[in-house]
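Asker: turn this into a model:
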Amino acid sequence: MARYTGPKSKIARKFGEAIFGDDKAFEKRNYPPGQHGNNRRRGKKSEYANQLAEKQKAKYTYGVLERQFRNMFKKATAAPGITGETLLQLCESRLDNVVYRMGISPSRSGARQLVSHRHITVNGEKVNIPSYQLQAGDVVGVREKSKSLEAIQNSLSNASQVYEWITWNGEIMEGTYVSIPQRLQIPENINEQFIVELYSK
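Answerer: Below you'll find the model as predicted:
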């Protein structure tokens, strides 16, 4: 499976929540997609179906492919601490996710594009790898030549979310990944225990 580029509302409806942010289409039809719409009788989901759906939701939310996600799970399993929590922390530590959290881009897919196109720096060095894992204390900024980009300016002017583990200085367009977030600080509605159970089978 390559990265999904189809209608995002369809995926949001599949999981019953707007995982890609505000979505007017989802608000109008917040039931699963399909030919018979909301009238289709849906039986009780199996345990496996629930676990698989949770893994798929996490992958779509963070824009990660299966192989990358499985590798992150292996890394989380080898690390000390709770595997599910560590897995989400690894997802949150990705450069594209932190760029999105800082408000430099309104979406993770947009943040991934900014990173790929060399608009973002880490500790003063250009980094074009969206999956780059940040460490606590790393400084993420917008490259000098890219500070006037309209897309970045618009996103920063509309950004309102504040996260405890990230600081942002709008004047110099630079922020610090202060610490790895705890599970309670991560706002995503993901049941990581289901993912652990699925991969542990």
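Asker: all helices of this structure, in order?
Answerer: Along the chain, counting by DSSP state H, helices occupy 8-15, 24-28, 47-62, 66-78, 83-92, 95-101, 108-116, 150-158, 192-199.
Asker: what does the third one contact?
Answerer: Counting by Cβ atoms under 8 Å, 6 or more residues apart in numbering, helix 47-62 makes contact with 4, 11, 15, 19-20, 45, 64-66, 69, 88, 91, 94, 97, 108, 188, 190-192, 194-195, 197-199, all of which sit outside it. All C-beta atoms are positioned from the backbone trio N, CA, C, and that covers glycine.
Asker: turn the helices of the chain into TSV, columns for mean neighbour count and distance to residue 144.
Answerer: Shown next, in TSV, are the helices of the chain (neighbours: other Cβ atoms under 10 Å; distance: least, Cβ to Cβ, whole Å):
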stretch	mean neighbour count	distance to residue 144
helix 8-15	19	32
helix 24-28	13	36
helix 47-62	18	29
helix 66-78	15	30
helix 83-92	21	27
helix 95-101	25	16
helix 108-116	20	14
helix 150-158	14	12
helix 192-199	19	38
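Asker: quick one: closest of these to residue 137.
Answerer: Smallest distance to residue 137 across the helices of the chain (Cβ to Cβ): 12.5 Å, for helix 95-101.
Asker: figure out how far that closest one is from the centre of its chain.
Answerer: 8 Å (Cα atoms, centre = their mean, to the nearest Å).
Asker: kindly report the same for stretch 76-88.
Answerer: For stretch 76-88, the distance to the chain centre is 17 Å (Cα atoms, centre = their mean).
Asker: in stretch 161-173, which residues are buried?
Answerer: Buried residues in stretch 161-173, defined by neighbour count with 16 or more other Cβ atoms under 10 Å: 163, 165-166, 168, 173.
Asker: closest one to residue 154 out of those, please.
Answerer: residue 173 (13.5 Å).
Asker: the closest one reaches residue 143, doesn't it?
Answerer: No: in this structure, residue 173 is not within contact of residue 143 by Cβ atoms under 8 Å, at 9.1 Å.
Asker: touching both of the two, which residues are there?
Answerer: With Cβ under 8 Å, 6+ apart as the test, residue 173 and residue 143 reach no residue in common.
Asker: how close does the residue nearest the centre of the chain sit to residue 181?
Answerer: Computing the C-alpha centroid of the chain and ranking residues by Cα atoms, centre = their mean puts residue 62 first, at 2.9 Å. Residue 62 sits 14 Å away from residue 181 when distances are taken as Cβ to Cβ, to the nearest Å.
Asker: not counting sequence-adjacent ones, nearest residue to residue 146?
Answerer: Nearest residue to residue 146, sequence neighbours excluded (Cβ to Cβ, 6 or more residues apart in numbering): residue 119, at 4.0 Å.
Asker: cool, residue 69 as well?
Answerer: residue 59 (5.3 Å).
Asker: what's the distance between that neighbour and residue 195?
Answerer: The value you get for residue 59 to residue 195, if Cβ to Cβ is used, is 9 Å.
Asker: equivalent analysis for residue 106, please.
Answerer: From residue 106 across to residue 195, the span is 26 Å (Cβ to Cβ).
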